[in-house]
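Asker: sequence plus the predicted model coming up.
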Amino acid sequence: MNGTRLARLKDIVLRGTSNGRTCTRRVSLSASVSRPARQSSQLRQSRNMSGDSCGKCLTLDNMNPNIKVMEYAVRGPLVIRASAIEKELAEGKKYPFTEVVKANIGDCHATGQHPITFIRQVLALVAYPELLSDPRFPDDVKQRAKDVLSGCRGSSVGSYTDSPGIEIIRKAVAKYIEERDAGVPASWEDVILCAGASDGIKSVMKLLKARVNNQKAGIMIPIPQYPLYSASLSEFNLHSIPYYLNEDNNWSLELDELVRAYDQSKDHCNPRGIVVINPGNPTGQVLTKENIETIIKFACEKKLFIFADEVYQHNVYAPNSQFHSFKKVLREMGPPYSNMELASFMSGSKGYMGECGVRGGWSEVINLDPDVKAMLHKSISAMLCPTTFGQTLVYCIANPPKPGEPSYEKYIDERSSVLNSLKKRAKMVEETFNSMPGFSCQVVQGAMYAFPKFEIPPKAIEAAKAKKQDPSVLFAFELLESTGICIVPGSGFGQKEGTYHFRTTILPQPEQLRSMLEKFKQFHLQFLKKYS
Ligand SMILES: Cc1ncc(COP(=O)(O)O)c(C=O)c1O
């Protein structure tokens, strides 16, 4: 048969022996593979099976190198150790503490936050529509559940939905955005529902080509950053261009630094985008409108795609801070800025909802070239659809109880109680760290974290060096082993050379947080003594 002729192949079954046992493997080959390619593939497979006795096809040597270089500190080695300690405690092993406090991750319900009743009731009804006639559920809850079910094929959340999400929910999100942005129009066709903001961010980021004009494409990211960004950039083989937030000015984002970072990156990459996290994680700063205008002007001049991570838009605590969406500011600036490409991201995991495990969020992507937009939709369609529970959560956020509806008062009560308590905890954390010797903690204006700077004694730095660890990692491990408190070392987010930080959430409930901070203080004194 002609070697170049394409042959249509069915699945083939390969047989080999392993330790005397016969093993069989079904290998699905692509629909059109040239005959020589097929023969050599068969040969490789059979060699592997007989020679390497059913050895692994996928090894560290031949796997995707981009995944190997990925790091995600929020769930890194420290957290693995914390989980191991938790198990050991449950099995009766003795530690100088009785519980592990997971202050490493913004997982609200895991640290005792109560779910919002309205959200859970709507989720319950869409899951089990028989309850629609149950008098314990208020009418507005029933109506929201019916709305969602009417958008589901077969009136069941067990069906796939359109890939960008259920149309009535996308329309509700567009309306919500318009109201949030004081009437600046939003099109439902620019809204894409996603399985958490992480999913939305990655879907847009993967549109960027990894190499442009023979150079790696680069994305500007804040330092400190939320490690999803560095991890995703590694995964997509894109270059990180770090720009530093100014800690001395409450983690402000300054133009000079953007220009420096951009100019220095030009030798080794082709800058294509900029990520801004507002309110900031891990730094908790809330950008002013003027600040956002400056960033937009910079991005316009340098032709950068803007990724506005706005998942903490409900979490603003400082009395003189206010959330301004990038979309609103950009539209109000008029042309050419109002025509810039922007993707903004929102999540059901944060805010007053804290429904991290439900996996719901949205992206609003504006001014995209229509052909690119078609590609984005094609790309997400390969993943079928975001979860219907995640979409239902989004519907509850976008269409919450209105004044006069039966759930309204309880909803407002629960929502304000979560947000007011977070505000108090933000203050408590900031004040405690600022009272500790060698610590400085900026005002937690928003989000769910504090990122204090602290001094580490030279002997501890040497001890860390001997272990090939960043000193912030040594501190965090010792804190965990002595107190059960799990935080994330500053090195996981990026920190200026010679400075040491860590990130803690403000999420433990007030009593637990108070006791955690007390233990933290005592540990710190012991640490200073140990390494003095
Ligand atoms: C800044 C930021 N962006 C995105 C996410 C991801 O959120 P989600 O749970 O919606 O994927 C997080 C989660 O902590 C975050 O802090």
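Answerer: Thanks, I have it.
Asker: what does the stretch 1-150 of the chain put close to the ligand?
Answerer: residue 106 (CB under 6 Å from any ligand atom). Every residue, glycine included, has its C-beta placed from N, CA and C.
Asker: where along the stretch 1-150 of the chain do the strands fall?
Answerer: 6-8, 12-18, 21-27, 32-34, 101-102 (DSSP state E, counting those that start in this stretch).
Asker: show the average pLDDT along the first one.
Answerer: Read that as strand 6-8. For strand 6-8, the mean pLDDT works out to 34.
Asker: kindly report the same for the second one.
Answerer: For strand 12-18, mean pLDDT is 34.
Asker: so that it lines up with my notes, have the first residue be 43 from now on.
Answerer: Sure, I'll start counting at 43 from here, so that last one is strand 54-60.
Asker: near the ligand, which residues of the protein show up?
Answerer: Residues of the chain lying near the ligand (CB under 6 Å from any ligand atom): 148, 238-240, 268, 270, 319, 323, 351, 353, 389, 391, 398, 403.
Asker: change it to 8 Å
Answerer: 116, 147-148, 237-243, 268, 270, 319, 322-323, 351, 353-354, 387, 389-392, 398, 401-403, 489-490 (CB under 8 Å from any ligand atom).
Asker: which among these count as buried?
Answerer: 116, 147-148, 237-243, 268, 270, 319, 322-323, 351, 353-354, 387, 389-392, 398, 401-403, 489-490 (16 or more other CB atoms under 10 Å).
Asker: of those residues, which belong to strands?
Answerer: 319, 351, 387, 389, 403 (DSSP state E).
Asker: what's across from the second one in the sheet?
Answerer: Pointing back at residue 351 there. residue 319, residue 387 (DSSP bridges).
Asker: distance of it relative to residue 223?
Answerer: 17 Å (CB to CB, to the nearest Å).
Asker: then the last one?
Answerer: Taken as CB to CB, the spacing of residue 403 relative to residue 223 amounts to 18 Å.
Asker: and for the fourth one?
Answerer: For residue 389, the distance to residue 223 (CB to CB) stands at 18 Å.
Asker: which residue, other than its chain neighbours, is closest to residue 166?
Answerer: What sits nearest to residue 166 in space, not counting adjacent residues and going by CB to CB, 6 or more residues apart in numbering, is residue 173, at 6.3 Å.
Asker: and residue 502, by the same measure?
Answerer: residue 573 (4.0 Å).
Asker: for the one you found, give me its contacts.
Answerer: By CB atoms under 8 Å, 6 or more residues apart in numbering, residue 573 lies in contact with 498, 499, 500, 501, 502, 505.
Asker: which one among those gets closest to the ligand?
Answerer: residue 498 (25.9 Å; CB to the nearest ligand atom).
Asker: so the closest one makes contact with residue 515?
Answerer: No. Residue 498 lies out of contact with residue 515 (CB atoms under 8 Å); the separation is 10.8 Å.
Asker: between these two, what contacts are shared?
Answerer: residue 506.
Asker: who has more neighbours, these two?
Answerer: The residue with more neighbours, out of residue 498 and residue 515, is residue 515; 23 against 20, by other CB atoms under 10 Å.
Asker: helix/strand/coil for that one?
Answerer: Put simply, residue 515 is helix when judged by DSSP: H, G, I helix; E, B strand; the rest coil.
Asker: state the distance from it to the ligand.
Answerer: Using CB to the nearest ligand atom, to the nearest Å, residue 515 is found at 21 Å from the ligand.
Asker: dump the residue contacts of that residue.
Answerer: Listed by CB under 8 Å, 6+ apart, the contact partners of residue 515 are 120, 506, 531, 533.
Asker: one more pass at 6 Å, please.
Answerer: residue 531 (CB atoms under 6 Å, 6 or more residues apart in numbering).
Asker: biggest helix in the chain by residues?
Answerer: Taking DSSP state H as the criterion, the chain has its longest helix at helix 450-476.
Asker: now do the helices in the stretch 93-242 of the chain.
Answerer: Using DSSP state H, counting those that start in this stretch, the helices of the stretch 93-242 of the chain run over 107-111, 119-132, 159-169, 181-192, 209-222, 239-247.
Asker: in CSV: those helices, plus mean pLDDT.
Answerer: Shown next, in CSV, are those (pLDDT from 0 to 100):
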stretch, mean pLDDT
helix 107-111, 81
helix 119-132, 93
helix 159-169, 98
helix 181-192, 98
helix 209-222, 98
helix 239-247, 96
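Asker: how about the ones you listed in CSV, adding distance to residue 408?
Answerer: Shown next, in CSV, are the helices of the stretch 93-242 of the chain (distance: least, CB to CB, whole Å):
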stretch, distance to residue 408
helix 107-111, 29
helix 119-132, 36
helix 159-169, 28
helix 181-192, 26
helix 209-222, 10
helix 239-247, 12
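Asker: and the ones you listed: which comes nearest residue 363?
Answerer: Ranking those by proximity to residue 363 (CB to CB) places helix 209-222 first, at 16.0 Å.
Asker: which helices and strands does the closest one pack with?
Answerer: strand 233-236, helix 430-440 (3 or more CB pairs under 6 Å, 6 or more residues apart in numbering; DSSP states H and E).
Asker: any chance of the ones you listed in CSV with mean pLDDT and mean neighbour count as columns?
Answerer: Formatted as CSV, the helices and strands packed on helix 209-222 follow (pLDDT from 0 to 100; neighbours: other CB atoms under 10 Å):
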stretch, mean pLDDT, mean neighbour count
strand 233-236, 98, 28
helix 430-440, 98, 26
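Asker: from the ligand, how far off is the residue nearest to residue 502?
Answerer: 32 Å.
Asker: please apply the same query to residue 517.
Answerer: 22 Å.
Asker: residue 161 too?
Answerer: Counting by CB to the nearest ligand atom - residue 161 and the ligand are separated by 15 Å.
Asker: residues in contact with that residue?
Answerer: Counting by CB under 6 Å, 6+ apart, residue 161 has contacts residue 438.
Asker: now swap in residue 467 and tell me
Answerer: Per CB under 6 Å, 6+ apart, neighbours of residue 467: 548, 555.
Asker: if we can go back for a sec, buried ones among the contacts of residue 573?
Answerer: 498, 499, 502, 505.
Asker: could you tell me the angle between the longest helix of the chain and helix 430-440?
Answerer: 90 degrees (axes from the mean of the first three to the mean of the last three CA atoms, to 10 degrees).
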